[in-house]
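1. A structural model of the following input is requested.
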Amino acid sequence: MKLVVIGGVAGGATAAARARRLNEEAEIIVFERGEYISFANCGLPYYIGEVIKERDNLLVTTAEAFKRRYNIDIRLFTEVIAIDRKKKTVTVKNHQTGETSTETYDKIILSPGAEPVRPPLPGVEADNIFNLRNIPDTDRIKDYVDRQSPKRTVVVGGGFIGLEMAENLIFRGVKTTIVEKMEQVMPSMDYEMAGLMHAHLREKGVDLILGDGIEAFEKNNGRLVVRTEKGETFECDMAILSIGVKPECRLARDAGLEIGELGGVNVNATMQTSDPDIYAVGDAVEVTDFLTGHATMTPLAGPANKQGRIAADNVMGRRSIFRGTLGTSVVKIFEQTVASTGANEKMLNCYNIPYVASYSHSGSHASYYPGAEMMAVKLLLSPSTGKILGAQIVGGEGVDKRIDVLATAIHGSMTVYQLEELELAYAPPYSSAKDPVNIAGFVAANLLKGDSRKINWNEFSELDPETDVLIDLRNKDELEETGEIEGALHIPLDELRDNLDRLNKNKRYIPFCAVGLRGYVGYRILVQHGFDARNLSGGYKTFLGAKEKIMKESPYTPIWLGE
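-> I've put the predicted structure just below:
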C-alpha cells in the first residue's frame, strides 16, 4: 500500500498519523507546499495580539518530529500540481529548487484546505492590506504592527477571524473598525443574539459599520482611504480582509473529480470522492448537514480532524463513516463567549423546517457564589416533537460547557423534555441545582405543553397599540439602571395581583421582565384571572439585542397603556 497525502494541518496530518497507526508496513508520503506540516490555525490572531507570546507554540509538531514518530516521508515546500488518475501518478513541484517529478500512488487523501476570499476591489493589492491564513501571513501582519505601530485598522468581515483579529488589534492599541456587509456580525448566530455581541464590541471600543461593504481602497501618503458602498469614507493604516474562505479545488477539478453545487469536492460518508482511490477531507469538501441532510461546507478544525481519521480508516480497509456536521463553534470576544450548534433560523427557514424559538437567561453558577455571569440561551426546536434543532449562547463563563451539552443532545436526537431531566454536575462554583441547560429545557417545554404562550421580538411589527399592552414587571430601580420600553405599563410583579382591576379584559397583555422568569410568572397570574396574555420571550435583555432592528421595522408607537 502506497498512500499519498496532499496537504497537512488538521485533515492531512491527522489522516497520515491514523494511517500509520493502522498499517505499519504502508509507504506514506505527505506533500505540503508550505513550511509547516501542522500548526494551530486558530491560534494565529492571538499571537498577533501577543496573548500567545512564543511563535513556536503555534507549531503542533515539526516535520522532523512527525517523521520520527510515525516513519512518514514528509516533503515540505512541495506542491502536487497534477493527478493522473489513469497512470495513478502525481506530479509534484519543489518550490525551493523549481524541479518537478512524478510519484506513484495506490490511494490519495486530499487535504488542500480553503483559501481566503480576496475580492477584486480597486486598491486591494496595497502592501498594507492583509489576509490571515497561515504562519507566513501571521508573520507579515505581526511584523507590520510591531514596526509601523498603526493607529487605526479596518477589518473587513465580521466572522470568526474578523472578530478575533479585532479583539487582538485592540489589545495592541490599534483603533479598529469592522465593516460587515450583513446587518450583523457572526452569520451563524441569529440577529438578536448577534445584537448582544454588537453592544459588547462597541463597549470595548470597536467601531461597527454594518449592512455596508467595501467599494474601494486608495493610498494617500502611505495611509489607506477606505470607501464603502454606501458612501462612507475614512482613513486607516492597515486592513485585514476576513470576508470568508473558498475551497481549494483546482487540483481535484483538473483531475476530473466531481465538484458539488457549493463548489467543494463531492465525497460520500466514507470521505471517498468520485474516484474510488481518492479520498478528500477538510475545508475543501462538501459534507452532509447532520440535521437537514443537505450539502454543507464547514471550515472548522474539529470536523477536519474527524474526517482525516475516517478517510485513513477506509483507505486501510476499516469501515468508518462521517455522519454529518452540526457546525458546533465557539469564539471569545473580549469578555464575551459566543457559541452555536446545529441550525439557526436562517437555515430552518431556507429548508422550510417548522420550528419554535425559545429564550432563557441563566447564571453560569449559583448566584450566591461570587463571580456568576449571565448567559443568554436560544433553543430552536421542533413544535411537534420537541426535538432540539439548534442552540446559540452568548455570555461569559460556562458558555462552552453548555453548548457542548446541547451539541451532544442534538447528536443524540434528544428533545427539550429530556433536557429537563438531565442530571448535570452541580456545586456552587460551577453551576446551579437547575443548570442553564435544564432551565432552557423547562422554558421550551412550557411552550410546547401550553403552560406559556409567547411573542418573540420579531413579532413586534404585528402588535396593535390599540389592543396590545406591554406590562413591565421589573422593579423601578431596574428601569432606571437599564432603561425601559417607552409606553409600557409599569407594574412590579409583586404588585400585579393588587392592580388587576386596572386592566381591561378586552385588551391583550404582554408581560415582561429582565430575562423572562418574572414575565412567565406574570403571564400565569394573568391567564388564570381570565386575561388574554402573551409572555415576551427572553424578556428585556433579548429585546435589547434586537432593538435596532425592531425600531427600524416595527410600526410601534408608544400608546401601550390601553386604559
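2. Tell me who's in contact with Y369.
-> Neighbour list for Y369: P428, P429 [criterion: CB atoms under 8 Å, 6 or more residues apart in numbering]. All C-beta spots, glycine's among them, are computed from the backbone N, C-alpha and C.
3. Shouldn't it be within a helix?
-> No - read with DSSP: H, G, I helix; E, B strand; the rest coil, Y369 is coil and lies in no helix.
4. what's the distance between it and G363?
-> 9 Å (CB to CB, to the nearest Å).
5. Check A19 too.
-> Distance, A19 to G363, by CB to CB: 46 Å.
6. do the same with E125
-> Following CB to CB, the distance that separates E125 from G363 is 50 Å.
7. who's more crowded, the two?
-> When neighbours are counted by other CB atoms under 10 Å, G363 comes out ahead of the other of E125 and G363, with 20 against 10.
8. what ranges do the strands span in the stretch 151-300 of the chain?
-> Under the criterion DSSP state E, counting those that start in this stretch, strands of the stretch 151-300 of the chain are mapped to 152-156, 175-180, 207-210, 214-220, 223-228, 233-236, 238-241, 245-247, 265-266, 278-280, 285-288, 295-296.
9. weakest of the ones you listed by average pLDDT?
-> Looking at the strands of the stretch 151-300 of the chain, the lowest mean pLDDT belongs to strand 245-247 (a mean of 89).
10. Against which helices or strands is that strand packed?
-> strand 114-116 (3 or more CB pairs under 8 Å, 6 or more residues apart in numbering; DSSP states H and E).
11. Just checking: what are the partner strands of the strand it packs on?
-> strand 245-247 (antiparallel) (DSSP bridges).
12. So what touches the partner strand?
-> By CB under 8 Å, 6+ apart, the list of residues contacting strand 245-247 reads 112-117, 133, 263-265, 283-285, 297, 299.
13. neighbours around A255, how many?
-> Residues lying near A255 (other CB under 10 Å) number 20.
14. Not counting sequence-adjacent ones, nearest residue to it?
-> I83 (4.0 Å; CB to CB, 6 or more residues apart in numbering).
15. Could you tell me how many residues sit around R202?
-> 11.
16. State the distance from it to V185.
-> Counting by CB to CB, the gap from R202 to V185 is 11 Å.
17. next one: K246
-> Distance from K246 to V185, by CB to CB: 20 Å.
18. got it, and A252?
-> Distance of A252 to V185, given as CB to CB: 32 Å.
19. still on that earlier bit, so what sits opposite the residue nearest to A255 in the bridge?
-> Counting by DSSP bridges, the residues bridging with I83 are V90.
20. most neighbours per residue, which of the strands of the stretch 151-300 of the chain?
-> strand 278-280 (a mean of 29; mean count of other CB atoms under 10 Å).
21. And stretch 323-342, what's buried?
-> Buried residues in stretch 323-342, defined by neighbour count with 16 or more other CB atoms under 10 Å: 324-329, 331-334, 336-342.
22. In strands, which of the residues you listed fall?
-> The strands, defined by DSSP state E, take in S329, V331, K332, I333, Q336, T337, V338, A339, S340, T341, G342 from the buried residues of stretch 323-342.
23. Closest to E218 out of these?
-> If you rank those by distance to E218 using CB to CB, I333 comes first, at 30.3 Å.
24. ok now do that closest one, which residues does it touch?
-> L163, E164, E167, M197, H200, L201 are the contacts of I333 under CB under 8 Å, 6+ apart.
25. Recalculate using a threshold of 10 Å.
-> L163, E164, A166, E167, V185, M186, M197, H200, L201, K204, V206, V394 (CB atoms under 10 Å, 6 or more residues apart in numbering).
26. By neighbours, which of those residues wins?
-> Going by other CB under 10 Å, A166 tops the contacts of I333 with 31 neighbours.
27. what about the residue of the chain most remote from its centre, which SS state?
-> Going by CA atoms, centre = their mean, the residue of the chain most distant from its centre is D501, 48.0 Å out. Taking three-state DSSP as the rule, one finds D501 in the helix state.
28. I'd like to know how far it sits from G302.
-> Applying CB to CB to D501 and G302 gives a distance of 58 Å.
29. List just the nearest of the contacts of I333 to I29.
-> Nearest to I29 among those, with distances taken as CB to CB, is E164, at 34.0 Å.
30. okay, now the residue lying closest to the closest one once chain neighbours are set aside: neighbour count?
-> Nearest non-adjacent residue to E164, counting by CB to CB, 6+ apart: P45, 4.0 Å away. Residues near P45, counting by other CB under 10 Å, number 26.
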